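K.L.:
Let me see the structure of the following:
(one chain, ligands or ions: 1)
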Amino acid sequence: MDARELKIAAAKAALEHVEDGMRLGIGTGSTADEFVRLLAEKVAEGFKVQGVPTSERTARLCVELGVPLYSLDDLPELDLTIDGADEVDNALGLIKGGGGALLREKIVASASARMIVIADETKLVDTLGRFPLPIEIAPFGLTATRMAVERLASRLGLTGEIVQRPDKDGPYLTDGGHFILDASFGRIPDAEALANGLVAIPGVVEHGLFLNMADAAIIASQSGARTLLAKT
Ligand SMILES: O=C(CO)[C@H](O)[C@H](O)COP(=O)(O)O
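P.N.:
Numbers count the residues shown, from 1 in each chain. Presented below is the predicted three-dimensional model:
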């Protein structure tokens, strides 16, 4: 299987968890896109879901393929969210936000009774941090916020570059109009301490550490898709 086929395999396995009539959070990224394509085929056959997208990108794809969409204000309580991830550790801690949708992804996942992550095995890690951690920040006070993040990192013994994510014609802007800092820490031994420290910085809108949120991860590899369950 090539990289795309692995994403499709994970998405297909996730679709088995979607029941007729569900209120569904729909993630962002290339793996989530594959899920949307498969879901759209089922919808075309008469399957009913009410989708809440986690980004404008996902919303566009859903509209294009005929997946019925609602806002989170229409449906503030969801049955299930299916989303991708940039990294998954053994405890199903995640790094997300490579696609810039971390804020809406976290809000939607938090409003869901269950979250299932879909990924290929290259995303599995022993310790989070190989993938640069996205940190969404308010444009106002960018430098002060970045310095506060650097001080926090240094207190926690984390080293590595923190760079502002660029786009084609300037800084990358999220769907919410915020900037993203990508922090290349390499390894984050205490993700919880970092998460707590980041949310305490006023200019930080959200960060890409999703801890104790995923209920299951469907991991695709050459030998098929296997499901890892969160320990309860
Ligand atoms: O968090 C995300 C977007 O904000 C994505 O889920 C993450 O970047 C994985 O994307 P892909 O499936 O393309 O590897």
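K.L.:
So which residues on this structure come close to the ligand?
P.N.:
For the chain, the contact set with the ligand under C-beta under 6 Å from any ligand atom comprises 27-32, 83-86, 96-102, 105. No exception for glycine: its C-beta is placed from N, CA and C like everyone else's.
K.L.:
in the protein, which spans are helices?
P.N.:
Listed in chain order, the helices of the chain (DSSP state H) span 3-15, 30-44, 56-65, 102-110, 142-155, 191-199.
K.L.:
Take the residues of the chain next to the ligand and keep only those in strands.
P.N.:
residue 83 (DSSP state E).
K.L.:
In PyMOL, select just the buried ones from the residues of the chain next to the ligand.
P.N.:
Provided next is the PyMOL selection string for whichever of those are buried by 16 or more other C-beta atoms under 10 Å:
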select buried, resi 27+28+29+31+32+83+84+85+86+96+97+98+99+100+101+102+105
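K.L.:
And the residue nearest the centre of the protein?
P.N.:
Nearest residue to the geometric centre of the chain (C-alpha atoms, centre = their mean): residue 96, 4.0 Å.
K.L.:
if we can go back for a sec, same list (the helices of the chain) but as JSON lines, adding mean pLDDT and distance to residue 121.
P.N.:
As requested, the helices of the chain are exported to JSON lines (pLDDT from 0 to 100; distance: least, C-beta to C-beta, whole Å):
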{"stretch": "helix 3-15", "mean pLDDT": "97", "distance to residue 121": "8"}
{"stretch": "helix 30-44", "mean pLDDT": "98", "distance to residue 121": "12"}
{"stretch": "helix 56-65", "mean pLDDT": "98", "distance to residue 121": "24"}
{"stretch": "helix 102-110", "mean pLDDT": "98", "distance to residue 121": "21"}
{"stretch": "helix 142-155", "mean pLDDT": "98", "distance to residue 121": "29"}
{"stretch": "helix 191-199", "mean pLDDT": "98", "distance to residue 121": "21"}
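K.L.:
Check these for me and report the most buried one.
P.N.:
Of all the helices of the chain, helix 102-110 has the most neighbours on average by mean count of other C-beta atoms under 10 Å, namely a mean of 23.
K.L.:
Contact partners for the closest residue to the residue nearest to the centre of the chain other than its chain neighbours?
P.N.:
Take residue 96 and drop its neighbours on the chain: the residue closest to it by C-beta to C-beta, 6 or more residues apart in numbering is residue 208, 4.9 Å away. Taking C-beta atoms under 8 Å, 6 or more residues apart in numbering, we find residue 208 in contact with 86, 94, 95, 96, 97, 98, 102, 133, 134, 135.
K.L.:
Identify the bridge partners of residue 181.
P.N.:
For residue 181, the beta-bridge partners are residue 135, residue 164 (DSSP bridges).
K.L.:
Can you report how many residues neighbour it?
P.N.:
Neighbour count for residue 181, taken as other C-beta atoms under 10 Å: 21.
K.L.:
Domain map for the protein?
P.N.:
Following the TED database, one gets these domains for the chain: 3-124+211-221, 133-205.
K.L.:
would you turn those into JSON lines with distance to residue 230?
P.N.:
Conversion of the domains of the chain to JSON lines gives the following (distance: least, C-beta to C-beta, whole Å):
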{"stretch": "domain 3-124+211-221", "distance to residue 230": "5"}
{"stretch": "domain 133-205", "distance to residue 230": "15"}
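K.L.:
Looking at those, which is nearest to residue 229?
P.N.:
Between residue 229 and the domains of the chain, the tightest spacing by C-beta to C-beta is seen for domain 3-124+211-221, at 5.3 Å.
K.L.:
got the phi/psi numbers for residue 74?
P.N.:
Main-chain dihedrals, residue 74, degrees, to the nearest 10: phi -70, psi -40.
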